[in-house]
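Visitor: my questions concern the predicted model and sequence given below.
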Amino acid sequence: MEIAELSYALDTFYFLVMGALVMWMAAGFTMLEAGLVRAKNTAEILTKNVGLYSIACIMYMLCGYGIMYGDGNGVIPGIGLLTAADNAASDVIAGGDDAPYYSSLSDFFFQVVFVATAMSIVSGAVAERMKLFSFFAFAVILTGFIYPIQGYWKWGGGWLDAAGFLDFAGSGVVHMCGGAAALAGVLLLGARKGKYGPLGEVRAIPGANLPLSALGTLILWLGWFGFNGGSELMISNVDEANAVSLVIVNTNMAAAGGLVAALMTARLWFGKADLTMTLNGALAGLVAITAEPLTPSPLLATIIGAIGGIIVVFSIVMLDRKLKIDDPVGAISVHGVVGIWGLLAVVLSNPDASIGAQLLGIVSIFVWVFVTSLAVWFVLSKAMGIRVSEEEEYEGVDIGECGVEAYPEFVEVPE
Amino acid sequence: MEIAELSYALDTFYFLVMGALVMWMAAGFTMLEAGLVRAKNTAEILTKNVGLYSIACIMYMLCGYGIMYGDGNGVIPGIGLLTAADNAASDVIAGGDDAPYYSSLSDFFFQVVFVATAMSIVSGAVAERMKLFSFFAFAVILTGFIYPIQGYWKWGGGWLDAAGFLDFAGSGVVHMCGGAAALAGVLLLGARKGKYGPLGEVRAIPGANLPLSALGTLILWLGWFGFNGGSELMISNVDEANAVSLVIVNTNMAAAGGLVAALMTARLWFGKADLTMTLNGALAGLVAITAEPLTPSPLLATIIGAIGGIIVVFSIVMLDRKLKIDDPVGAISVHGVVGIWGLLAVVLSNPDASIGAQLLGIVSIFVWVFVTSLAVWFVLSKAMGIRVSEEEEYEGVDIGECGVEAYPEFVEVPE
Amino acid sequence: MEIAELSYALDTFYFLVMGALVMWMAAGFTMLEAGLVRAKNTAEILTKNVGLYSIACIMYMLCGYGIMYGDGNGVIPGIGLLTAADNAASDVIAGGDDAPYYSSLSDFFFQVVFVATAMSIVSGAVAERMKLFSFFAFAVILTGFIYPIQGYWKWGGGWLDAAGFLDFAGSGVVHMCGGAAALAGVLLLGARKGKYGPLGEVRAIPGANLPLSALGTLILWLGWFGFNGGSELMISNVDEANAVSLVIVNTNMAAAGGLVAALMTARLWFGKADLTMTLNGALAGLVAITAEPLTPSPLLATIIGAIGGIIVVFSIVMLDRKLKIDDPVGAISVHGVVGIWGLLAVVLSNPDASIGAQLLGIVSIFVWVFVTSLAVWFVLSKAMGIRVSEEEEYEGVDIGECGVEAYPEFVEVPE
Amino acid sequence: MKLITSVIKPFKLEDVRQALAEAGVQGMTVTEVKGFGRQKGHTELYRGAEYSVDFVPKTKIEAAVADELLDAAVEAIVASASTGSIGDGKVFVSELIQATRIRTGETGDQAL
Amino acid sequence: MKLITSVIKPFKLEDVRQALAEAGVQGMTVTEVKGFGRQKGHTELYRGAEYSVDFVPKTKIEAAVADELLDAAVEAIVASASTGSIGDGKVFVSELIQATRIRTGETGDQAL
Amino acid sequence: MKLITSVIKPFKLEDVRQALAEAGVQGMTVTEVKGFGRQKGHTELYRGAEYSVDFVPKTKIEAAVADELLDAAVEAIVASASTGSIGDGKVFVSELIQATRIRTGETGDQAL
Ligand SMILES: Nc1ncnc2c1ncn2[C@@H]1O[C@H](COP(=O)(O)OP(=O)(O)O)[C@@H](O)[C@H]1O
Ligand SMILES: Nc1ncnc2c1ncn2[C@@H]1O[C@H](COP(=O)(O)OP(=O)(O)O)[C@@H](O)[C@H]1O
Ligand SMILES: Nc1ncnc2c1ncn2[C@@H]1O[C@H](COP(=O)(O)OP(=O)(O)O)[C@@H](O)[C@H]1O
């Protein structure tokens, strides 16, 4: 038996396990969002989440993966359908610098769950008022084209990568991307009915089932070990094994830091330990460390996460109170705003990073995703409408879109 | 250090991780079913699910594993208790064609979670009206004898295997087996009170907590990566690592295909995107690909899953409307009917498969499991009764069987 | 490529995967406890659980890990902050008896989730009446000092280890430790209002959401494969791979045994199959096997777990009826009382164990943790108070401490 | 006009509703309530502690009817809600001074 | 004193409450109820089977008022609860013999 | 016969029920309601936005009693439900024309 084969098997297995953890994040987003909407809109948000994951998988197989990792010229990518072909054992054994060291299908698996993550971010922000099938139509475009193209620019070896932009596991490529697409949608869609009063008063619309949101957060936390831990792409020697360990430790510490910081911020500001802010704080810590989980010490990782946790509380309140941007789950703040912080924080510990390249990456990804998303949402709003009727919004989109209630025996009267 | 030892360790570890994922499916079935029954029957379905998993583990240790993988003559199996003995390091290092390449206890762990899966299928179909301890009595027989015997015929190297019947990870041995046992139970048990009106009207009995069902589905989806991915049984070289990757990619794609197909079918047929059908569609995709996840391309896998997703919607409605078979969670359709589709679909991509051998397998397993199950259910119904009293059914089996309510503060009056 | 490097990578990966499973136990405790409290106290218990996990991570990084595995003199430990430094590849390749064989950061990751487990045990016992920030203050002390010091005595190579005390994965160091700290808290805190009537009547206070508790139990069951399976600390050769497999099989069997035994005990004693006791039975089985999952046969493991399952039912009822110790989730019985049983049961299968050394360990850990915890709780009760006001307790701590309700649409009036 | 308030067993709601409709009553308002009376709640064990549910779930039906419909309506309720076992419930009648249909402003018997 | 019992569409509660306050009514008690009347429930498909929700969610408001406030209060309810579409609900009035404020023991109009 | 309708603080239900039983009232029907009155709801912050709960959870008790029991019953409620703080609730009394026990068909005071 060849040691190169065994090493190939170990790296492939590592990829598959990490990918399975990232897939599990789909359940995390589903639960997080299901807990933060009202009971009457819960079945629909569940349908959206399981539906978008499936659409992402299919579109990425059909063309997204080909675009992101195919042959392009640096700006314009290639395209192609995923096949069952994989590396030959002889190429692996032959060795050399370019020898494949893990199954390319395991790579597809790891990548496909990332695109689903980006799309999951959108569903929470537009919850409780968007038409189900308009949302799905957008999912087709984002996961098949918008995401893979900017993904190609960075991770496919395109021009952003060449420009020195650093983004280890996707604070920008995945999270800010999702946040930008969500922002475009929310701007066109408007706030939920009753969210802002006639005199500009801000009204709270509490989520119906917070244990689900706590569960979702813990699922995401676990899944993130795969998200960041797998992005090291190799584990089969001492240095790589150490690197993966440090990445996972730092990921965990940043989440802890973000959670505690958000909890304290809410406690000091509002007088109470707002659970939903606390949960958002953990996610903010995770987003913040995602751009660079390998070079900070565990202590610095905790601090980077904690700053993310503070930012997210302020961002959520500012978006809500000042900008009147209605984001029921805080997705734009958690993934968009804190994603930017994460990309900037790379310079704190990675000597290869430059603030200029980071800003270049932030601006290019944001502009690309925001502008194309706005265009797609706009076309959809003209073609099929993106918002449900006022009456359907009052009755709840569950009955209107899905014909079922999420909790038929627990609540009788729409709020 | 010997490379053979390291390879043994990697394959064992792979088995244990995949087994842990399959064990997690127990939580998936539990949540899926808990969400699809009424509030008043929820504590009991939880008790059933955790109880059956435990019973399956104990029975399989006591005799099931010995029957399934012991010394038999091809039709009549052997028997034996599981011990702590495992392979000697010297045998592994010695090598050769028959040298063990992973821990046999890790194999037991992987196998035991399969038998629990088969039994989990039954609990959903008989929900809301069966006596708890009659159900447990049936679990003892199915997991200790009925399942292992047909398992022996195929995976233990018995006559069905010799006849060329192909079933990679158990569309037949596990899923159709569970579906057949469930069908037998439901036929003897009859429908829930109020399910069918005096003039044959079909009435809906909505599930009480759909977020749990969505969570359950995503848990099953994740667990299935272990179910199918582990059934390759080896990962320690390039070809095997590639194979496991393809199996996992195809499993994921089939689920996505099944979900989207069921969603669209429900939308077109009923006018609404019925969430519960959508979830069943994902499971149908998973069941469909389980008989052969290794030879199809990802695109074909998506299509096989999608056909499963369409079948399941029609099957659920037909069973309900035409045959008046009352299956609260759709288990018979998902696992039984789609299991058959999966077994037939093997011939689409695997040149070694023949339609004759597949039909032989389908018929033998179905007849064996259905007839023996019917006999056991019948004996139980005479000996201790299998159905709760009418009054207990109206009040809910939670109070009657478990003495606790699942949601004492959310609902006050049984619907 | 060096085989020693690959082996290092495999053991590190194994550690990380097992650690991720243990981290997942945080979600298990969160769901278990969230289901067993009343609706009005659910948001707070969620906040407690996610908060304590984060605090445990931060404190263990700052000083706990340094105390537990630093340089001490056997009784008094050392101290130190965790850094990003890890083993050099050259040391690994050089080999020899003391050569590192896995990443020390992966070890930190595995250890840190253990301390969080110990602290999670406390939160359930003091639920529904303790002040949130007093609880967090206690968490700082327990996870930063009390736990690591006794952990050092055993696992850090201190005097308890030298005395021959055996505790494979922490029936004592983790579970009994948590149980003792919880007991101290509950004694100072007193029972929930209304739990015991003026004439000493015992009143039931049913949990609000049992599906969450069942889910939590299954999460813990899965996570325990990492808890015990990872405590073997190595998998990279045949004997170690076999050992890990046996540990995982035994862990699973003990849980199954505990569940069935508790189910039957409740059924025979109370006449009904009390779901919450059944769930506690599974956890009791897991705690019982944790002190020694490697030397028993699977059958003996089942029996050890089953005895744990019987003990836990009696212990819960006795604590409640006789001692009037109000523990809403049964944590003291599951982790404390059954933890002692697990430590004693080591002598059943491990020839190296002596009843004297086991008793020495039990008494020392209990006394250390109980006395220091009592002191800390006492200081906290004087400094900031540990119990909420009567009115806040009636209204629910969710509004009082967190300012949000867990289920605003499901329940309107506090029970 | 009279207001009939009746408390019945929840599973009889459908029967009573139909009986009232046949008797000519066109509308009614239903509330889920807890009843205390001769029929006692049940006792369960939860984790070994007693757990008695003192109240019994009941359903309250309120129907405003014209005077001439009163007797038929009360009889319809009694007949359809009766199971002969304890806890079947009550029918109370009180005087209504005035009734208005919000949609149209109609008053009196036309409003019902 | 009179007791006004009105059944309205749930989303009108806020409007009615404000209108009553403006008319001088200082307190009221609100219950979530199910209504049966001319307005029918809706039908959905669940797993392919029909699923009809026969009742319509309604909100019941009870307010005790002094005699001289009665007409203004009823008018306030009718005006604020009306949408002109079927199912807007009813206002019923009955006589109150006595009212007591528990806190102080005051009775009659002062108790309201 | 009289119908006593009282609105009280939820945590006083047990006390009131016992007091009524001691006063000789044998049955009652209880509903969870929302109250609006002098006692105001509370304000919380949810994700930084204000979240005011305007209504106060209350419990409504309805008990039909024979005329001679009326005063004792009202006093029992007032005594047992009072905490002296705002929001303690009200007791309303109205005339009942008729009462029927569904199980037996008995009417009048025997039906209670
Ligand atoms: N005096 C009363 N006033 C109001 N409601 C009553 C009264 N007595 C009984 N009820 C209601 O009627 C229900 C049935 O009464 P109960 O005494 O249990 O049996 P029965 O109707 O057979 O006499 C009770 O649960 C309660 O809701
Ligand atoms: N006779 C009645 N007695 C008591 N409540 C009634 C009566 N008729 C109608 N209601 C209540 O009023 C609501 C509205 O009545 P409905 O007939 O649907 O429309 P509308 O108010 O426009 O006439 C019903 O849902 C029911 O709650
Ligand atoms: N006029 C009224 N009609 C009906 N219910 C009333 C009325 N006034 C008050 N209530 C009920 O009584 C409860 C207590 O009244 P409130 O004014 O808050 O305090 P108090 O009882 O101390 O005067 C209210 O929440 C409401 O449910």
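Guide: Yep, that arrived. Ligands and ions are numbered 1, 2, ... in the order given.
Visitor: elements contacting the one helix or strand residue A:360 maps to?
Guide: Here residue A:360 sits within helix A:355-383, counting by DSSP states H and E. With contacts taken as 3 or more C-beta pairs under 8 Å, 6 or more residues apart in numbering or on different chains; DSSP states H and E, helix A:355-383 sits against helix A:132-141, helix A:147-154, helix A:159-162, helix A:177-189, helix A:338-349. Any C-beta I mention is one placed from the backbone N, CA and C, and that applies to glycine too.
Visitor: kindly reformat those helices as TSV containing mean neighbour count.
Guide: Below are the helices and strands packed on helix A:355-383 laid out as TSV (neighbours: other C-beta atoms under 10 Å in any protein chain shown):
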stretch	mean neighbour count
helix A:132-141	21
helix A:147-154	26
helix A:159-162	18
helix A:177-189	25
helix A:338-349	25
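Visitor: that older thread, tilt between the helix holding residue A:360 and helix A:177-189?
Guide: Computed by axes from the mean of the first three to the mean of the last three C-alpha atoms, to 10 degrees, the angle separating helix A:355-383 from helix A:177-189 equals 40 degrees.
Visitor: averaged pLDDT, helix A:355-383. What do you get?
Guide: Helix A:355-383 shows a mean pLDDT of 98.
Visitor: just name the shakiest helix or strand of chain D by mean pLDDT.
Guide: The weakest-scoring helix or strand in chain D, judged by mean pLDDT, DSSP states H and E, is strand D:49-53 (a mean of 75).
Visitor: quick check: next helix or strand after that strand?
Guide: strand D:56-65.
Visitor: tell me if that following strand is near ligand 1.
Guide: Yes. Using C-beta under 6 Å from any ligand atom, strand D:56-65 comes into contact with ligand 1 via D:56, D:58.
Visitor: tell me the strands beside that strand, with direction?
Guide: Counting by DSSP bridges, the strands paired with strand D:56-65 are strand D:2-8 (antiparallel), strand D:28-36 (antiparallel).
Visitor: close to ligand 2, is the first one?
Guide: No. Counting by C-beta under 6 Å from any ligand atom, no contacts exist between strand D:2-8 and ligand 2, the nearest distance being 7.5 Å.
Visitor: ok, the closest residue to residue A:206 other than its chain neighbours - how many residues close by?
Guide: Distances taken as C-beta to C-beta, 6 or more residues apart in numbering or on different chains put residue C:408 closest to residue A:206, at 4.7 Å, once the chain neighbours are dropped. By other C-beta atoms under 10 Å in any protein chain shown, the residues close to residue C:408 number 24.
Visitor: before we move on, back to that, quick one, which of the helices and strands packed on helix A:355-383 is nearest to residue C:131?
Guide: Comparing the helices and strands packed on helix A:355-383 against residue C:131 with C-beta to C-beta, the closest turns out to be helix A:338-349 (30.3 Å).
Visitor: hey, C-alpha coordinates of that closest one in CSV?
Guide: Coordinates of each C-alpha in helix A:338-349 appear next as CSV, following Å, rounded to 0.1, in the frame of the first residue of the first chain:
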residue,chain,number,x,y,z
VAL,A,338,-19.5,42.1,10.7
GLY,A,339,-18.2,40.5,7.5
ILE,A,340,-16.6,43.8,6.7
TRP,A,341,-15.1,44.0,10.1
GLY,A,342,-13.7,40.4,9.7
LEU,A,343,-12.1,41.3,6.4
LEU,A,344,-10.4,44.4,7.9
ALA,A,345,-9.3,42.5,11.0
VAL,A,346,-7.1,40.3,8.9
VAL,A,347,-4.4,42.9,9.0
LEU,A,348,-4.2,42.6,12.8
SER,A,349,-2.5,39.3,12.6
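Visitor: among the helices and strands packed on helix A:355-383, which is nearest chain C?
Guide: helix A:338-349 (9.6 Å; C-beta to the nearest C-beta).
Visitor: helices or strands next to the closest one in the packing?
Guide: Against helix A:338-349 (3+ C-beta pairs under 8 Å, 6+ apart) you get helix A:275-290, helix A:298-321, helix A:355-383.
Visitor: tell me how far the helix or strand just after the second one lies from the chain's centre.
Guide: If I follow you right, that is helix A:298-321. The helix or strand immediately downstream of helix A:298-321 is helix A:331, counting by DSSP H and E. Chain-centre distance of helix A:331: 9 Å, with C-alpha atoms, centre = their mean, to the nearest Å.
Visitor: which strands or helices does helix A:331 pack on?
Guide: Using 3+ C-beta pairs under 8 Å, 6+ apart: helix A:331 touches helix A:104-125, helix A:177-189.
Visitor: at 7 Å instead, please
Guide: helix A:104-125 (3 or more C-beta pairs under 7 Å, 6 or more residues apart in numbering or on different chains; DSSP states H and E).
Visitor: and the helix it packs on, what's its mean pLDDT?
Guide: Across helix A:104-125, the per-residue pLDDT values average to 96.
Visitor: that helix to helix B:298-321, inter-axis angle?
Guide: 50 degrees.
Visitor: and the helix holding residue A:360, which residues are buried?
Guide: By neighbour count on 16 or more other C-beta atoms under 10 Å in any protein chain shown, the buried set for helix A:355-383 is A:357-358, A:360-362, A:364-366, A:368-370, A:372-374, A:376-377, A:380-381.
Visitor: in the sheet, who's paired with the residue of chain D found nearest ligand 1?
Guide: Residue of chain D nearest ligand 1, by C-beta to the nearest ligand atom: residue D:35 (2.1 Å). Residue D:35 forms beta bridges with residue D:56, residue F:29, as assigned by DSSP bridges.
Visitor: got it, and the one 10 residues further on?
Guide: On the basis of DSSP bridges, residue D:45 is bridged to residue D:50.
Visitor: do whatever helix or strand comes next after the helix holding residue A:360 and chain E meet?
Guide: Downstream of helix A:355-383, the next assigned helix or strand under DSSP H and E is helix A:390-395. Yes. Applying C-beta under 7 Å from any C-beta of the partner chain, one finds helix A:390-395 in contact with chain E at residue A:394.
Visitor: avg pLDDT for helix A:390-395?
Guide: Rounded mean pLDDT across helix A:390-395 is 87.
Visitor: in it, what counts as buried?
Guide: A:392, A:393, A:394, A:395.
Visitor: now residue A:270: closest residue in space that isn't a chain neighbour?
Guide: residue F:45 (4.2 Å).
Visitor: for that neighbour, give me its contacts.
Guide: A:270, A:272, A:274, C:403, F:51 (C-beta atoms under 7 Å, 6 or more residues apart in numbering or on different chains).
Visitor: ok, the first one - contacts?
Guide: Contacts for residue A:270 (C-beta under 7 Å, 6+ apart) come out as C:403, F:45, F:48.
Visitor: is it possible to get CSV of these that adds pLDDT?
Guide: Shown next, in CSV, are the contacts of residue A:270 (pLDDT from 0 to 100):
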residue, pLDDT
C:403, 91
F:45, 80
F:48, 79
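Visitor: out of those, the closest to residue C:141 would be?
Guide: Among the contacts of residue A:270, and counting by C-beta to C-beta, the member closest to residue C:141 is residue C:403, at 26.4 Å.
Visitor: what about the residue of chain A found nearest chain C, is that helix, strand or coil?
Guide: With C-beta to the nearest C-beta as the measure, residue A:272 is the residue of chain A nearest to chain C, at 3.2 Å. State at residue A:272, reduced to three classes by DSSP: H, G, I helix; E, B strand; the rest coil: coil.
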